[in-house]
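In: missing the sequence, but the structure's below:
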RNA sequence: GGUGCCAUAGCUCAGCUGGAUAGAGCACGAACCUUCUAAGUUCGGGGUCCCAGGUUCAAAUCCUGGUGGCAUCACCA
């Protein structure tokens, strides 16, 4: 994997590298060559655009040159400034990127010329690429087309593993948002990604649900929302079974469940038929949620599909002496690695979760020829995946070292963890409909009569997506989310809709004042709020890179919020309609347009749509 | 008990591989719509960055040891 830095950073890195060489010869100290990519990587944001557009901390140079970082920063600033001057005088017309360089303490602060910003940032952002296959409505500037990484491994991301016969709740939403955002981020950054899902359509939870439905349920099967209804059947089943623990009924119940499981396994009998119809209800519900969220999968792996094969596979491994027998069961001893014993076949010869995950991994590696594999699953499975990856490694799969478990923390309610068993869950469908209703009541109903009902419905759904997805993604993956419906429905401050609202304002500005592509007088953009935006735009790609490398979209959330905040600040400080000159107006429009493109693209990477107006 | 994660303002959280004066939102107190969308903006108060050591020119950030919380530790998924 190779990282490609954006043009302004690369330009700054070349200048700094030359400065370091000059300094080295001045001091007559031979130093290790520092590559431009190392320098570009070390460039940081200045605390404020007044101090600089980008900064380079001279700490590591201090060691090599045996001088204080502040002295080095000062000397480097002098060298860069004089270099710029001589370049300008010697070859007039040559493009020079730096406007000035200043040392502040140990930092070398760089300022770029307005022309640099226009040429390397604003123009690439707002100029659509000529690729014909890109939909004009979503067409991206050339800036966004250049991949951040090249020579990337072919990667599969598995996410969303809901069970059929249970209802999807807000906890599943976090997984869905995370997985989807990771895929979008990776693809944007230049990865070839295969997305997959792995629903659990077999197991005791299914048997319990069917058992209750057949033997205890008195309700009629509804015509609509059968997936939700089925989820309720499961909860009732679990409660009933819990109640009857310790009674004579307990043994009979266990027997009944075994019978059901056997029928499902043999793919025959009345319960198998019932399984097929009810399974479809749950899948309809999943697809409904995925459609709402704008998520699609390249590959659907079914637990029922890998189930039988996984047992055959593990048996064959055992016969090849790659596994051991212990206490009558079969598995692999990983105690030397501190991972305990990975159980793969129970004493009765049936498999477990790990058994299926082994077979699943084998299929992923062999069928899709993937080189890297990411699993988005909550942190309770941490040991499970460590064991599975270790077993894969010991079985000789070279991809095993490139398997990652993104162990996000789960969502719980103010009064404790959610559980489908206990029935104290908030269904995804409920969150969605409540959110859409709130958005309409509090904001969009003011447009009734002015906008079509279709548009109001569409925007309500888009804004609800913004609120829910941003809410799920902004929290660091290893922190718990305590879901409080009341709090989530208050959408103000740092939220998805705030960013969407800023985009809507930008679209309105561009429309109203006639944004026109073409050259601007970028040096007119000298208001502090304008400079803040320019300096912030500079960091979009490094933030995206960080999200990809850390498998964590939350820093993009923060970045977009800050950009929207800076835009709003500008909006209140600088008028476009009342701009002193036409040139200033066009310059501001281009700045605003570019901000809008970055915000829209960023939101898109989080899976959040941008309404035309709101 | 072993292992992993977490602890930053009253509450919810940012803080990138150590680096510029620890920042947002909510809540609270003020100000701003005849002028580009007030889902907005500005100002204000509010901090023992869990504790104790250590490494370093420099620690909220790294290391060690505590304290508190959560998860997990073979026939469940």
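Out: Sure thing, it's come through. Everything numeric in this text was worked out from a predicted model, so none of it was measured.

In: isn't residue A:444 right next to residue A:459, touching?
Out: Yes: using CB atoms under 8 Å, residue A:444 is in contact with residue A:459, at 6.1 Å. (Each C-beta comes from the backbone N, C-alpha and C, glycine too.)

In: neighbour count winner among these two?
Out: residue A:459 (24 against 19; other CB atoms under 10 Å).

In: For the more buried one, what is the enclosing helix or strand?
Out: Residue A:459 belongs to helix A:453-473 when assigned by DSSP states H and E.

In: what helices or strands is that helix leaning on?
Out: helix A:170-189, helix A:270-293, helix A:428-442, helix A:485-489, helix A:496-512, helix A:554-573 (3 or more CB pairs under 8 Å, 6 or more residues apart in numbering; DSSP states H and E).

In: Can you tell me what sits against the helix or strand of chain A with the lowest mean pLDDT?
Out: The helix or strand of chain A with the poorest confidence is helix A:69-90; it has a mean of 80 (mean pLDDT, DSSP states H and E). With contacts defined as CB atoms under 8 Å, 6 or more residues apart in numbering, helix A:69-90 is touched by A:15-16, A:18-20, A:22-23, A:26, A:57-59, A:61-62, A:65, A:94, A:96, A:98, A:100-110.

In: what's the answer for stretch A:114-129, then?
Out: Contacts of stretch A:114-129 (CB under 8 Å, 6+ apart): A:6-8, A:11, A:95, A:97-99, A:134, A:136, A:139-145, A:517, A:519-525, A:534, A:537-538, A:590-591, A:593-594, A:597-598.

In: hmm, try it at 7 Å
Out: A:7-8, A:97, A:139-143, A:145, A:517, A:520, A:522-523, A:525, A:534, A:537-538, A:590-591, A:593-594, A:597-598 (CB atoms under 7 Å, 6 or more residues apart in numbering).

In: again with stretch A:6-22
Out: So stretch A:6-22 is contacted by A:34, A:36, A:39-40, A:43, A:54, A:56, A:61, A:76, A:79-80, A:83, A:97-98, A:110, A:112, A:116, A:120-121, A:538, A:541 (CB under 7 Å, 6+ apart).

In: Which pLDDT value goes with the residue in the stretch 451-600 of chain A that RNA strand B sits nearest to?
Out: Here the stretch 451-600 of chain A gets closest to RNA strand B at one residue, residue A:493, 2.2 Å apart by CB to the nearest atom of the strand. With respect to pLDDT, residue A:493 has a value of 92.

In: Got phi/psi on it?
Out: phi 70, psi -140 (degrees, to the nearest 10).

In: How about residue A:392?
Out: According to degrees, to the nearest 10, residue A:392 has phi -60, psi -40.

In: can you pull the contacts of it?
Out: Counted by CB under 7 Å, 6+ apart, residue A:392 has contacts A:361, A:400, A:403.

In: between these, which is closest to RNA strand B?
Out: residue A:361 (15.0 Å).

In: after the one helix or strand that closest one maps to comes which helix or strand?
Out: Applying DSSP H and E as the criterion places residue A:361 in helix A:353-368. Next helix or strand after helix A:353-368 toward the C-terminus (DSSP H and E): strand A:372-376.

In: Contact residues of the stretch 501-614 of chain A facing RNA strand B?
Out: Contact residues (CB under 7 Å from any atom of the strand) of the stretch 501-614 of chain A with RNA strand B: A:501, A:504-505, A:507-509, A:512-513, A:542, A:546, A:554-555, A:558, A:561, A:565, A:568-569, A:571-572, A:574-578, A:613-614.

In: How about the stretch 101-250 of chain A?
Out: Residues of the stretch 101-250 of chain A lying close to RNA strand B (CB under 7 Å from any atom of the strand) are A:104-107, A:109, A:163, A:200, A:203-205.

In: Now intersect these with the helices, please.
Out: A:204-205 (DSSP state H).

In: give me the number of residues near the closest residue to RNA strand B within the stretch 201-350 of chain A?
Out: Residue nearest to RNA strand B within the stretch 201-350 of chain A (CB to the nearest atom of the strand): residue A:346, separated by 3.0 Å. Neighbour count for residue A:346, taken as other CB under 10 Å: 14.

In: repeat for the one 3 residues further on
Out: Residue A:349 sits with 10 neighbouring residues when counted by other CB under 10 Å.

In: State the pLDDT value of residue A:262.
Out: 91.

In: Ok, residue A:33 next?
Out: Reported pLDDT for residue A:33: 78.

In: helix or strand for it, which one?
Out: Going by DSSP H and E, residue A:33 is not part of any helix or strand.

In: domains for chain A, by residue range?
Out: Using automatic domain parsing, the domain ranges for chain A come out as A:2-112, A:155-417, A:428-605.

In: Can you lay out those as CSV showing distance to residue A:125?
Out: Shown next, in CSV, are these (distance: least, CB to CB, whole Å):
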stretch, distance to residue A:125
domain A:2-112, 11
domain A:155-417, 14
domain A:428-605, 4
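
In: looking at these, which one has the lowest mean pLDDT?
Out: Among the domains of chain A, domain A:2-112 carries the lowest mean pLDDT, a mean of 86.

In: Now do the end-to-end distance for it.
Out: Counting by CA to CA, to the nearest Å, you get 26 Å between the two ends of domain A:2-112.

In: Can you list the residue ranges for strands in the stretch 301-450 of chain A?
Out: A:324-326, A:329-333, A:341-345, A:372-376, A:403-406, A:411-413, A:416-417 (DSSP state E, counting those that start in this stretch).

In: so how many other residues sit close to the residue nearest to residue A:177 when sequence neighbours are not counted?
Out: Leaving aside its sequence neighbours, residue A:177 sits nearest to residue A:472 (CB to CB, 6 or more residues apart in numbering; 4.1 Å). By other CB under 10 Å, the residues close to residue A:472 number 27.

In: For the stretch 1-150 of chain A, which segments are assigned as strands?
Out: According to DSSP E, counting those that start in this stretch, the strands that the stretch 1-150 of chain A contains are A:2-3, A:54-57, A:98-104, A:107-112, A:149-150.

In: secondary structure element for the closest residue to residue A:221 other than its chain neighbours?
Out: Spatially, and ignoring its direct neighbours in sequence, residue A:221 is nearest to residue A:229 (7.1 Å; CB to CB, 6+ apart). Assigned by DSSP H and E, residue A:229 belongs to helix A:226-243.

In: Report the inter-axis angle for the helix or strand following that helix versus helix A:226-243.
Out: For helix A:226-243, the following helix or strand on the C-terminal side (DSSP H and E) is helix A:249-266. The directions of helix A:249-266 and helix A:226-243 differ by 140 degrees, with axes from the mean of the first three to the mean of the last three CA atoms, to 10 degrees as the criterion.
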